[in-house]
Structure formats: structure tokens, C-alpha cells
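Undergrad: let me see the structure of the following:
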Amino acid sequence: MLTLSSLLFFCALNAQPIEKPRGCFAGTNGTNADAMAHLESRGVLLTEKWSDIETSSGVFNFSGLQAKINTVKSAGLDYSLAIAAGAFGSPGWLIDNLGVEFLEFQYQSTARKLPIWWDISVQTRLGILIAELGSQFSQDTSLAIVYVSQMTTNGIEGHLNGVPFDSMMAHGFTNQKWIDAAKSTVYRFADAFPNLPIVFEIHEIDHSITVPSTILNELYADTTLCKRVGLGMWWISGKTSYQTNLINYISAFPGDKYAQVIGRSDQPERFKDSIYANAIIQAKELGIRYIEPWPYEFQYHTHDSLFQDFNVWADSSFLASDSCLFNVGTIPYFANTSPGVKVYPNPFEYQTTVETNDDTMWIDKLSLFTIYGEKVLSLNINNSKAIVNRENLSAGLYFLQIEFENGKIMVEKIMVR
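TA: Numbers count the residues shown, from 1 in each chain. Model prediction:
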């Protein structure tokens with residue numbers, strides 16, 4: 001019989017490393033052959049719109065994305081993955097057929113529709129998309145990081161450029177609603193890609209760092225995530241006049257940091273003192289382990305020595321992987337308790353149900369333990385179904401020990417949000 005103490009010892013012996021990329025990747029869809037052949041490019045960021053993957057509700061087509069992946073892998077490179085939601089990438093059926101709440105605005109001279117992130121149907125459909133992405137790509141060893149899809153202007157970056165904030169307020173926006181919706185989406189990505197770094201790109205919300213900093217701080221503090229959720233900065237330029245407070249926050253953030261250069265080197269006005277190298281200097285100053293220059297730089301060899309220097313610096317400054325004691329997604333024991341036992345919902349906020357449809361596995365007792373082996377709940381059941389209420393439980397990972405009347409014992413990991 002596997003007891004909780006032996007289970008925790010088992011976990012310690014089987015801690016798995018989380019591989020984390022370092023150095024230079026080519027930016028968005030940099031699949032040009034010359035760019036991929038560049039010696040200092042270690043991978044490519046691949047982006048795709050949600051609308052191009054799920055053309056109608058529940059109908060998924062990954063052929064376009066898979067073709068990009070195959071091109072990158074044939075060049076011997078890794079890839080990062082970003083699926084755009086928000087106003088740019090969300091499918092039309094989300095609004096037209098499901099009737100989710102949305103707001104309209106103008107951006108770059110084009111009318112846009114932005115689904116409301118905390119709408120329950122938006123959350124549900126995002127969850128289905130993320131789960132499908134995980135089933136398709138989570139085991140691909142060439143996948144380096146996954147960006148969180150956001151219900152923002154372009155659906156990957158965290159900004160609401162062009163969105164009138166009074167319209168957001170009219171649709172019920174509060175800081176907490178946005179924080180909760182963002183964190184829920186992050187957790188879904190973390191569940192779908194249990195062995196990969198997850199990157200959440202940040203911008204100020206309503207000219208304040210309160211929302212993005214709260215999201216990142218709370219995720220970083222959640223030990224069940226094993227420090228897998230990193231900070232993304234898709235506007236690094238060397239300048240400090242734009243979002244100064246957020247740059248100060250990024251500098252102090254203790255977790256992993258990833259960045260995309262704001263533009264191409266033939267757009268000098270976008271960089272501090274019109275010098276492209278200042279973006280790379282700033283990346284070092286902020287402690288960023290991974291940057292995405294635009295593919296143009298690799299295709300035309302604009303700054304070879306600069307990228308070589310950054311790769312050397314990143315390799316010497318950051319570990320290639322972190323071990324995670326409770327990276328339960330990598331421990332086969334936790335795949336499922338039994339085909340005859342269900343624990344749902346999981347993760348949960350208020351209560352979860354434990355149910356068996358096997359007459360030989362009548363539930364006798366439930367015990368709940370923290371990851372440190374401390375028992376925090378014990379229930380005598382004598383039934384085929386039981387409810388576990390959150391009550392005074394803190395958010396985090398727990399082990400649920402299920403004892404059956406036939407003497408069998410099983411352990412299931414459960415997550416309290």
C-alpha cells in the first residue's frame with residue numbers, strides 16, 4: 001500500500017526538471033530559410049489566431065500551425081507558441097453564435113470586437129481551446145515556451161490599446177474581475193502544458209501596474225506552479241519613458257523574464273537614442289533570459305555579434321532548467337485514481353465531488369493532506385459519493401486520500417483555486 005509519507009518521498013525522488021530556453025529566438029513566424037539558418041537563432045516564435053484553429057465551435061484544424069512547426073523542426077530549431085485571442089484572434093462564432101458579451105472599438109482604423117474576458121462562455125471556450133492545444137502539442141520536445149492567450153487588443157500582449165476604458169467599466173470591469181479571468185486562463189495553460197514554461201505578457205491596465213503586478217506576484221507565489229509562469233515584455237526598446245513604473249516592476253520581478261524586441265533595426269526611432277543595441281543592453285539590465293528579435297535581423301545579419309554576445313551572456317547567467325519537487329504533471333502515478341472514480345471539478349474554488357460508479361469501491365473515508373504531509377481534513381463517508389468543501393483551505397495543491405470499504409486506498413491530486 002502506498003501511504004502519504006511514502007508518496008511524498010516518491011515525489012522527492014522523482015522531481016523532474018523544467019527546461020527553460022535562453023538566448024535568442026526569431027520573432028513572430030520567422031520561418032524564412034535564411035533567418036532559420038542563422039547561427040545565433042535558437043528557435044522561432046510561431047503565432048496563430050484562435051479563429052484559424054477553431055473555425056467553428058468545436059471543430060479544430062491545426063494543419064496550418066502544424067505546417068509552420070514542421071518547417072521550424074526541419075531546420076533543427078525549437079519553437080515558442082502563441083495563440084492570439086482577444087480582438088485580433090477570437091473567432092466570430094464566439095459572438096455571433098454563442099452571444100458572448102463584447103465591446104466594440106476602433107483600432108488602427110479598423111472596427112474591432114473584444115469579447116469580455118470574465119464572461120463565463122468566454123472562459124469556457126478558452127478552456128476547451130487550451131485543453132485541445134495541450135493534447136496536440138504538450139508532449140512535443142521541440143516546444144520551448146507557451147504564451148498565455150489574453151482577451152486584449154491583439155490577444156497575446158497584455159495591452160488594451162484603442163479600447164475606451166469607460167466602455168470597459170460599462171461592461172462591469174473591475175481590477176479583480178480582470179485578475180481572476182487572467183489567472184484562470186494561466187492555470188488552464190499550466191494544466192494543459194504541465195512540463196513547460198508559461199509566459200504571461202504584461203502591460204499597464206488603465207495606466208496602472210496594479211493589475212499586471214498582482215497577477216504575476218500571485219502566480220509566482222503559488223508553489224504548485226513551480227515557478228513555471230514567467231513574465232513577458234513584448235516592447236523592449238532600451239527606453240524607460242514608456243511604462244516606467246512597469247519597467248521598474250520588471251526589473252525587480254524575481255521570476256523568469258522573456259522579451260520581444262519592439263521593432264526592426266531599420267526603425268531607429270523606436271529605440272533609445274535611435275540605437276538598436278540599447279534594447280539588448282536593457283534586456284541584460286532587466287535580467288531577461290530570452291529575447292525575440294524580429295526575423296529581419298537574422299535574415300539580413302544586421303547584428304550578428306550583438307546576438308552572439310547575448311546568447312553567451314544568457315548561457316552564463318541562467319540555468320537551462322529548474323527542478324520542481326511537486327511537478328505532478330510529470331509523475332505517472334497521478335494520471336488518474338481509477339476509471340471508476342471521478343473527482344470534479346478539479347481544480348475547484350468552492351467544493352469538489354468525489355464519486356465512484358463501481359459497487360466494489362464504496363467510499364469509506366476521505367483524508368486531505370498538504371504537499372508537506374499535514375492532514376487538514378478527514379471525513380467518514382460510507383457512500384458512493386462525497387462532497388469536499390473548501391471551507392478554510394488555502395489556495396494550492398493537496399493530496400486527497402480515498403479509502404474504500406474493500407480496503408483499497410487511492411490518492412488523487414486536487415487543486416484549490
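
Undergrad: check which residues of stretch 108-118 are buried.
TA: 112-118 (16 or more other CB atoms under 10 Å). In this view, the C-beta of every residue, glycine as well, is placed from N, C-alpha and C.

Undergrad: repeat that for stretch 269-279.
TA: Buried-residue list, stretch 269-279, by 16+ other CB under 10 Å: 270-272, 276-279.

Undergrad: who touches Gly162 in this structure?
TA: Contact analysis of Gly162 by CB atoms under 8 Å, 6 or more residues apart in numbering lists 105-108, 112, 153.

Undergrad: any idea which of those residues is least confident?
TA: Across the contacts of Gly162, the smallest pLDDT goes to Gln108, namely 88.

Undergrad: got phi/psi on the closest residue to that one other than its chain neighbours?
TA: Spatial nearest neighbour of Gln108, excluding adjacent residues (CB to CB, 6 or more residues apart in numbering): Gly162 at 7.4 Å. Backbone torsions for Gly162, taken as degrees, to the nearest 10, come to phi 90, psi -10.

Undergrad: from Ile209, how far off is Pro347?
TA: Separation of Pro347 from Ile209 (CB to CB, to the nearest Å) stands at 27 Å.

Undergrad: ok, which pair from the buried residues of stretch 269-279 is furthest apart?
TA: The largest separation in the buried residues of stretch 269-279, counting by CB to CB, is between Arg270 and Ala277 at 13.0 Å.

Undergrad: isn't Leu65 up against Ile53?
TA: Yes: here Leu65 reaches Ile53: they are 6.6 Å apart, a contact under CB atoms under 8 Å.

Undergrad: tell me which stretches of the chain form helices.
TA: 4-13, 33-36, 50-53, 63-74, 86-89, 93-96, 120-137, 165-170, 175-192, 210-221, 244-252, 277-286, 295-299, 304-317 (DSSP state H).

Undergrad: what's the closest of these to Glu405?
TA: Closest among those, using CB to CB: helix 4-13, at 19.7 Å.

Undergrad: any idea which residue sits dead centre in this protein?
TA: Taking CA atoms, centre = their mean, the centroid of the chain lies closest to Ile198, which sits 3.7 Å from it.

Undergrad: per-residue pLDDT, it?
TA: 98.

Undergrad: that one touches Val186, doesn't it?
TA: Yes: at 6.4 Å, Ile198 and Val186 qualify as touching, with contact defined as CB under 8 Å.

Undergrad: list the contacts for Leu143?
TA: Neighbours of Leu143 in contact, by CB under 8 Å, 6+ apart: 78-81, 137, 193, 196.

Undergrad: how long is stretch 163-174 from one end to the other?
TA: 15 Å (CA to CA, to the nearest Å).

Undergrad: got the buried residues for it?
TA: 163, 168, 173.

Undergrad: how much space between the first one and Ala190?
TA: Translated: Val163. Distance from Val163 to Ala190, by CB to CB: 27 Å.
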